[in-house]
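**Q** no sequence for this one, just the structure:
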C-alpha cells in the first residue's frame with residue numbers, strides 16, 4: 001500500500017508526521033566486482049565463495065587468458081590470480097593489467113596467490129606492480145583482511161605476504177625452478 005499525504009493511519013494523516021520529501025531512500029552502492037583466476041577449481045571457488053559472503057560479485061576464470069577477457073569485458077574492482085596457470089600465467093596477467101592503456105584496468109588492485117615459498121616471488125610480484133601476495137593454503141580471515149584493506153585503499157601489507165607466513169618463505173636470493181620458468185615465459189612474450 002502506497003501512502004501519500006492524504007492517507008490515514010489510525011485516524012492521523014501521513015503528512016501530520018512528515019512529507020514525502022522527508023523520505024530519503026538509502027543510496028545503495030553496487031557490489032565490488034572481482035575476477036578470480038586459478039586453474040584449481042576448488043581454490044577459485046573457495047575464494048569466490050568467501051568474497052560473496054562480503055557482497056562481492058565474483059567472476060571465476062580457470063586460466064589467465066579467460067581472466068584477461070573478463071577484465072577487458074568489464075573492468076573489476078579487484079583481481080586475484082594464481083601464479084601458475086595455463087595459457088597466461090599470473091605474472092603475465094599482472095603485467096598485461098599494469099600495461100593496459102585503460103586506466104580502469106591498469107589501476108585495478110591485483111593480489112597474487114601462490115604456493116611457492118621463495119623470497120624472490122615477493123620481489124618479482126612487487127616489481128611487476130602487484131598489490132599483495134597470498135601464500136597458499138589460504139586462510140579465510142587473513143585473506144579477508146588483506147582484500148578489505150586493499151579495496152578500502154589502506155594498502156597495509158606487512159611483509160607483502162600473509163601474517164605468520166613470512167617464516168615459511170625460503171631463501172634470500174634463490175629463484176625456484178618454477179618461478180624461473182614463469183619469468184622466462186614472460187620474457188619470451190615481451191620479445192615478440
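**A** Alright, I've got the coordinates. Treat the numbers as computed from the prediction; the structure is a model and nothing was measured.

**Q** where does the chain dip in pLDDT?
**A** Scanning the chain for pLDDT under 70 picks out 1-28, 154-182, 184, 186-192.

**Q** where along it do the strands fall?
**A** With strands called from DSSP state E, the chain shows them at 8-9, 12-13, 33-37, 57-61, 78-82, 110-114, 132-135.

**Q** dig out what the closest residue in space to residue 45 that isn't next to it in sequence forms beta bridges with.
**A** Leaving aside its chain neighbours, residue 45 sits nearest to residue 60 (6.7 Å; criterion: Cβ to Cβ, 6 or more residues apart in numbering). The way it works is simple: take the backbone N, C-alpha and C, and place the C-beta from them, glycine included. On the basis of DSSP bridges, residue 60 is bridged to residue 36.

**Q** my guess is residue 60 meets residue 48, correct?
**A** Yes - look at residue 60 against residue 48 with Cβ atoms under 8 Å: they come within range, at 5.3 Å.

**Q** now do the shared contacts for the two.
**A** Residues touching both residue 60 and residue 48 by Cβ atoms under 8 Å, 6 or more residues apart in numbering: residue 36.

**Q** in the sheet, who's paired with residue 78?
**A** Residue 78 forms beta bridges with residue 34, as assigned by DSSP bridges.

**Q** that one: neighbour count?
**A** Here the number of neighbours of residue 78 (other Cβ atoms under 10 Å) works out to 20.

**Q** same deal with residue 69?
**A** Each residue near residue 69 was counted by other Cβ under 10 Å, and the total is 12.

**Q** do residue 99 as well
**A** Residues near residue 99, counting by other Cβ under 10 Å, number 12.

**Q** look up how far residue 140 lies from the residue nearest to it when sequence neighbours are not counted.
**A** Excluding the flanking residues, the one nearest residue 99 by Cβ to Cβ, 6+ apart is residue 106, at 7.1 Å. Distance check for residue 106 against residue 140: by Cβ to Cβ, to the nearest Å, it reads 29 Å.

**Q** that's all I had, so thanks and see you.
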